[in-house]
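Engineer: coords please:
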Amino acid sequence: MKLSTKGRYSVRALMALATIANHQHKPVSLKQISVHEGISVSYLEQLFVHLRRAGLVQSVRGPGGGYLLARSLNDISVAEIMSVVQESVQPVNCADCTMQQPGCNLKKDSTECMTRPVWEKLEQVIGDFLSSVTLQDIIAGQV
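Structural biologist: Below you'll find the predicted structure:
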């Protein structure tokens, strides 16, 4: 499994937003997050469309405008962020398996791959872990 930049950058951007907003006590521009995290403004714009629509951030218009977290750090989990930007945490791509591929071992008298339950359980464990981690946990170093 390899996470794409959508999920990782979204978490990093929200962490930067929380950190900068905590210091300056006003909305944070995407340019500030870009400089803080080394992520392009245009990529952040794409991510923040999803984050705003999902209610994770709120935008403030006008001079001095920018973004603020819409909820407390304890109410935003990493799993929610990953879901909002449609990041998959599947360890392998078994969901689309047709059982016709060479090397795919079938259970006796079954059409299901013998290893599929392992990967499904692993995906569940990853999802449970990411659901248990909030932005506050990361800031507090409790991960």
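Engineer: and the lowest-mean-pLDDT helix or strand in the chain, what does it pack onto?
Structural biologist: Lowest on mean pLDDT, DSSP states H and E among the helices and strands of the chain sits helix 116-132, with a mean of 91. Judged by 3 or more Cβ pairs under 8 Å, 6 or more residues apart in numbering; DSSP states H and E, the packing partners of helix 116-132 are helix 78-84. Quick note: C-beta positions are derived from backbone N, CA and C, even for glycine.
Engineer: before we move on, back to that, CA atoms only: put the least confident helix or strand of the chain into CSV for me.
Structural biologist: C-alpha atoms of helix 116-132 as CSV (Å, rounded to 0.1, in the frame of the first residue of the first chain):
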residue,chain,number,x,y,z
ARG,A,116,-8.5,-12.2,0.8
PRO,A,117,-9.7,-12.3,4.5
VAL,A,118,-6.2,-11.3,5.6
TRP,A,119,-6.2,-8.2,3.5
GLU,A,120,-9.7,-7.3,4.4
LYS,A,121,-8.8,-7.6,8.1
LEU,A,122,-5.7,-5.5,7.6
GLU,A,123,-7.7,-2.8,5.9
GLN,A,124,-10.1,-2.8,8.8
VAL,A,125,-7.2,-2.5,11.3
ILE,A,126,-5.7,0.4,9.3
GLY,A,127,-9.2,2.1,9.2
ASP,A,128,-9.7,1.7,12.9
PHE,A,129,-6.3,3.1,13.7
LEU,A,130,-6.8,6.2,11.5
SER,A,131,-10.3,6.7,13.0
SER,A,132,-8.7,6.7,16.4
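Engineer: gap between the helix or strand just after it and the chain center?
Structural biologist: Once the chain leaves helix 116-132, the next helix or strand it forms, by DSSP states H and E, is helix 135-139. Relative to its chain's centre, helix 135-139 lies at 14 Å (Cα atoms, centre = their mean, to the nearest Å).
Engineer: residue contacts, the residue positioned nearest the centre of the chain?
Structural biologist: In the chain, the centroid-proximal residue (Cα atoms, centre = their mean) is Met82; its distance is 2.3 Å. Shown in contact with Met82 (Cβ atoms under 8 Å, 6 or more residues apart in numbering): 3, 7, 10-11, 89, 130.
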